[in-house]
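In: Sequence and predicted structure are below.
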Amino acid sequence: MEYLAIVFSPAALLTIFIGTFAGVAIGGMPGLTATMAVGLLVPFTYTMDPTMGLMLLGGIYAGAMYGGSIPAILLNTPGTPAAVATAIEGYPMSRAGRAPLALKTSVTASFVGGTFSVLILLLFAPFLARQALAFGPAETFLLALMGLAGIISIADENSSLIKALIAGVLGMIIALVGTDDMSGSLRYTMGMVDLIDGIDFMPALIGLFSMIQMLELAGQRGHEIDTSALHKAQKREKLPKGIGRFMGLGAGTGTLIGILPGEGATIAAFISYNVAKRISKTRELFGKGNPEGIAAAEAGNNGCVGGSLVPTITLGIPGNSVAAALMGAFIIQGMIPGPDLFTEYADRTYPFILSLFVANGVFLAIGLFFAPYLARIALVPPAIMVPVVAAFAVLGSYALNNSVFDIYLMIAFALGGLVLKKLGYSLEALILGLILGPIAEGGFAQGMVIGRGSPWIFFESNIAKVMWLIILALLIPPLYSYWKHVHRAGKAAG
Amino acid sequence: MFKASVFAGVALALGLSAAPALAGDYPNQAITIIVPSKAGGSTDRTARLFTDLAEKNYEGFEFVIQNIPGSGGQKGFEAIARAEADGYTIGLNFTPQLVAHIVSGRAQYTLDSFHVMGNVAQDPGIVVVPADSPIKTMADLAAASGLTVAVNGIGSDDFLAAKQFEEAAGVTFNLLPTKGSTEQKAAILGGHVDAAFMNLSQMIKQHKAGDARIIAMLTDARDEHLPDMPTALEQGYDVQMRATRGFVAPAGIPDEIQSQLDSMLAEIMASDAFKANAAKGNIFLLPMSGPDYLAYLTDLQAQTQAVYDQAPW
C-alpha cells in the first residue's frame, strides 16, 4: 500500500508522465531509440532521487517501445527494429487512409502487452528468472532460428521467396564483419578500427527504412495518399472483432521471450507476427494491411519491457540493451541487482515496478487522444517531411555511438538498399538477418563448445525439443503452400 | 563559466586564437573526459565519481564526459592518444585491454602516447563455479579434466588469467569465450559451464546470496570485501589478475597544467567523500600515483606479451 502511495504522489506521477511522454516522442522519431535515450539519461539520474530516477527511465523505456510503432505505421520508417513487423501491416493501412485504426490498434496492443508483462514481473519475477536460467546458448540459437523463420513469412503468398531468402542471407553476411568472438580474430575489417565491433544494426535500420522511404518520397511526383477516407467515416472505425486473441498471443510471447537473453523485442515481434499469420482467418490480408498483424507484433514487443526486467533485477542479467542501460542506473544508486532489491531496497524497487503500470496507462491515453492528430503526419508535404526525417536519420546514426562512421554506414545502406528494393529484394528480411545472424552464430558457436563439438546439444533439452517443433510448425505450412503455388504455376505454363 | 565562453566566442569571432592556453588562465573551457565504454558501466561510473567532486571542490573546473564505447576500449584509447595535448582532453583507461591491444599489434598507440595520471579503481579477478558444483577449491579445478570454462572474450583479463592457470596447473580447459560478464553470469547461474574466470564486483552479490560459489581470489593478498576467501596463491597456484581503471592524458601537455590535473586527482582520491561514494557505487578503490601506475602498466604489458607469444589470438 505504501508503495502505491509513493507512485501516486504528485511528483512521481509527473515524473512518470514526463518520462513516458518523452519516451513516446523519442521512439516516434525515426533514428532515436530507447537504448539511446536511457543510455543518455542514466548519468542524469545520478543526482536525482533514486526512485524518481528509475521511474523516469522506466517511463522512457515503456513509452519508446510503443512510440516506435507510430512512424512505422505512418511513414514506413520503424523507429526501432522491433517495429519492422508493425510497418509491414501498418503502412499499407495508412496508405489506404486507415491510419487512425492502425494507430488505435497499435496503442491498445502495446498497452495490453506492456501491462501483462509488468504484471508478470510484479508477481513471478524471482521464480521465472530461475526457470529462464535453464535457457542456454543452444536454446538461444534455436530462438534466433525461430525469429529467422519470419523471413519465410515475409515472403510467402507471393513468389519472391528466393529473393527474401537471399536478402536474409545477405544480412547475415554483412553481420559477419567484425571480431569473431570465438577466436578473437578480425573478419573483413580491412584494418578499420570502426569495424572491429562489426556493423551496428541501427544505422542499417535507419538507412534501409527511414532514408529509403524519404528518397522514394522525394522522387514521387504527386503525394498519393487517400486523404478523403481520413476525414470521413473511418476516423471512428472500431477495433475489429476477435483482435484480442492476437493481443493476448503477442503479450504472452513477448513476455516469455523478453525474459530470455538476447535482443528480445525484435524476435518477439516477429515470432508473434508470424504465429498470428498462421492462425489468422484472414491470412490473405497479411502484408496488405491487417490490424491483426499489428496487434500481435506490438503486444509482442511491448511484452518484452516487463519481461526483460525479470532477469535484470533479480539476477543482474539484463534481457536486452535497454535493460542493460537501466541496470547501470540501478547500480549508480547502489542498488546491485539481486535479492537485496526486494528486501533492503523494496521501497524503491516495488514503486518502480508499479510505476510501469502507470507508464503504460499514460501512453495509452496519449496514443488514443493523439491518434487522429498523429494520423495527419502522413499528410505533411514531402518538401517538409523529407529534410526533417533525413536530418533525424543523420543525427540518430551519429548519436548512438558518437560515431561519424555510422553516418556513412547509414548512407551506404540507404543507397545499396534502394537498389535491392527496386530489384524486389525484401529489406525486412535483410534487417532480420543482420540482427539475428550474430545471435544465431553466437548461440551456435557457444553451443558447439559446450557440447564439445557435438551438435546433439541442440536437441538434448526438453526446451530445445519443443522449440524444434515450433520451428517446424512455422516453416512447413508456408513452404508447402509455396510448393503448391509453384507446382500449379508450372502446370499452367506446361 | 558563462563569461569565459562568451569571451572565447568573441575571441573566435575576432579571428583571434584562444589557444595556446596559458597556465595562468587554465581552465577557460570545459575539460572533456573520454570514457572508452558505455554510460552507466563501471568505467563510466568511476569517471563520474571524480567529476562529481572535482566540479564541487575546484573553482572554474567543468567536465564533459564523452563515451566512446566498443572494440574493447580501443576506439576510446586511440581518441585519447590522438587528442590535442592542451589539457582540455583527458580520459580513462582500463587494463588489461589497454596493453592487450598493443601486444596484439592492433593499437596505433603505445604506452608512450600517454601521460599516466594515476590509477583509481580495481576489480580483482576471481574463479567462480555454479552453487551446486563439486568443485570447491583450486586443487579440485586442477584435478578435474576437460572442464568447460567461460571467459569474457579472447584477450580479456579473464582469458589471460585462465591461460595462466592452465600453465600453472598443467591442464587444458574447454574455453568458452562470451560476449561479456552478462553471458558469463547466465552460464554460471544456469549451470551451463563448469567454472568461469570473472571479476569480483560482477559476482559478489550472487556469491553472498548463495547462487554461485567463488573458489579463489586472483590477487596477491586477500581482499577486504571477501576476507574469508583464500587467494589462488595461498592454494598453491600463482595466478594473479585484476582489472584496473585509471586516468591518462595525451602525452605532451604543458607541465604546469599536467601537474595541476595530477594533484587534483590525487587530492580527490584521498578525500573521504570520494571513498564513501565509491563504496556506495560498488567500486573497489586502488589509488596509485602516476609513476607507480606507469610501472604497473609496463610490467603488465610484458606479462601479456609472454602469454600472447605462447598462444596468440
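Out: Everything's here; your move.
In: Every contact and neighbour count from this point should use C-alpha atoms.
Out: Will do.
In: before we move on, what SS does B:Leu176 have?
Out: strand (DSSP: H, G, I helix; E, B strand; the rest coil).
In: now B:Phe197
Out: Under three-state DSSP, B:Phe197 comes out as strand.
In: Any idea what it is bridged to?
Out: For B:Phe197, the beta-bridge partners are B:Val127 (DSSP bridges).
In: For chain B, see how far away A:Ala464 is.
Out: Distance of A:Ala464 to chain B, computed by C-alpha to the nearest C-alpha, to the nearest Å: 14 Å.
In: How about the contacts made by residue 188?
Out: Just going to use chain A. A:176-178 (C-alpha atoms under 8 Å, 6 or more residues apart in numbering or on different chains).
In: you looked at the wrong chain, it should be chain B
Out: Counted by C-alpha under 8 Å, 6+ apart, B:Ile188 has contacts B:128-130, B:194-196, B:212.
In: ok, is whichever helix in chain B runs longest in contact with chain A or not?
Out: When chain B is parsed with DSSP state H, its longest helix is helix B:290-310. No. Residues of helix B:290-310 contacting chain A under C-alpha under 8 Å from any C-alpha of the partner chain: none, with a closest distance of 12.3 Å.
In: contacts for that helix?
Out: Taking C-alpha under 8 Å, 6+ apart as the rule, helix B:290-310 contacts B:96, B:99-100, B:103-104, B:111, B:116-119, B:160, B:163-164, B:262.
In: out of these, what pair is the most spread apart?
Out: Maximum pairwise distance among the contacts of helix B:290-310 (C-alpha to C-alpha): 35.3 Å, between B:Lys163 and B:Asp262.
In: one step back: tell me which of the contacts of B:Ile188 is nearest to chain A?
Out: B:Asp194 (9.8 Å; C-alpha to the nearest C-alpha).
In: I figured the closest one was touching B:Ser133, is that so?
Out: Yes. When contacts are counted by C-alpha atoms under 8 Å, B:Asp194 is listed as touching B:Ser133 (7.5 Å).
In: between the two, which one's more packed in?
Out: Higher neighbour count among B:Asp194 and B:Ser133: B:Asp194, with 21 against 13, using other C-alpha atoms under 10 Å in any protein chain shown.
In: Any idea how many residues pack against the nearest residue to the more buried one once chain neighbours are set aside?
Out: Nearest residue to B:Asp194 in three dimensions, chain neighbours excluded: B:Thr148, at 5.4 Å (C-alpha to C-alpha, 6 or more residues apart in numbering or on different chains). B:Thr148: 20 surrounding residues under other C-alpha under 10 Å.
In: Show the backbone phi and psi for B:Thr148.
Out: Note on B:Thr148: backbone dihedrals following degrees, to the nearest 10 are phi -90, psi 120.
In: shouldn't it be in contact with B:Pro177?
Out: No. Here B:Thr148 does not reach B:Pro177: they are 10.3 Å apart, not a contact under C-alpha under 8 Å.
In: of the contacts of helix B:290-310, closest to chain A?
Out: Nearest member of those to chain A, counting by C-alpha to the nearest C-alpha, is B:Ser104, at 10.2 Å.
In: The helix or strand of chain A with the lowest mean pLDDT: what's the following helix or strand?
Out: Sorting the helices and strands of chain A by mean pLDDT, DSSP states H and E puts helix A:227-231 at the bottom, at a mean of 54. Downstream of helix A:227-231, the next assigned helix or strand under DSSP states H and E is helix A:243-259.
In: Which residue ranges of chain B form helices?
Out: B:2-13, B:42-57, B:74-82, B:97-103, B:138-143, B:157-169, B:181-189, B:200-209, B:255-270, B:272-280, B:290-310.
In: Now do the end-to-end distance for stretch B:25-45.
Out: This stretch, stretch B:25-45, spans 29 Å end to end (C-alpha to C-alpha, to the nearest Å).
In: Could you list the buried residues of it?
Out: B:26-45 (16 or more other C-alpha atoms under 10 Å in any protein chain shown).
In: pLDDT averaged over it, what's the number?
Out: Averaging pLDDT along stretch B:25-45 gives 89.
In: is it anywhere near chain A?
Out: Yes. Stretch B:25-45 is in contact with chain A by C-alpha under 8 Å from any C-alpha, via B:38-41, B:45.
In: who's in contact with the residue of the stretch 51-200 of chain A found nearest chain B?
Out: In the stretch 51-200 of chain A, the residue that lies nearest chain B is A:Leu133 (4.4 Å; C-alpha to the nearest C-alpha). A:Leu133 makes contact with B:186-187, B:189-190, according to C-alpha under 8 Å, 6+ apart.
In: Of the residues you listed, keep whichever come out buried.
Out: Applying 16+ other C-alpha under 10 Å to the contacts of A:Leu133 flags B:186-187, B:189-190 as buried.
In: quick one: which of those is nearest chain A?
Out: Closest to chain A, out of all of the buried ones among the contacts of A:Leu133 and judged by C-alpha to the nearest C-alpha, is B:Gly190, at 4.4 Å.
In: Show the backbone phi and psi for the nearest residue to that closest one once chain neighbours are set aside.
Out: Nearest non-adjacent residue to B:Gly190, counting by C-alpha to C-alpha, 6+ apart: A:Leu133, 4.4 Å away. Note on A:Leu133: backbone dihedrals following degrees, to the nearest 10 are phi -70, psi -20.
In: Let me know the pLDDT of A:Leu133.
Out: So, for A:Leu133, pLDDT stands at 89.
In: likewise A:Ala218?
Out: Looking at A:Ala218, the pLDDT reads 87.
In: again, but for A:Met327
Out: pLDDT for A:Met327: 89.
In: isn't it right up against A:Leu315?
Out: No. A:Met327 is beyond contact range of A:Leu315, at 10.7 Å (criterion: C-alpha under 8 Å).
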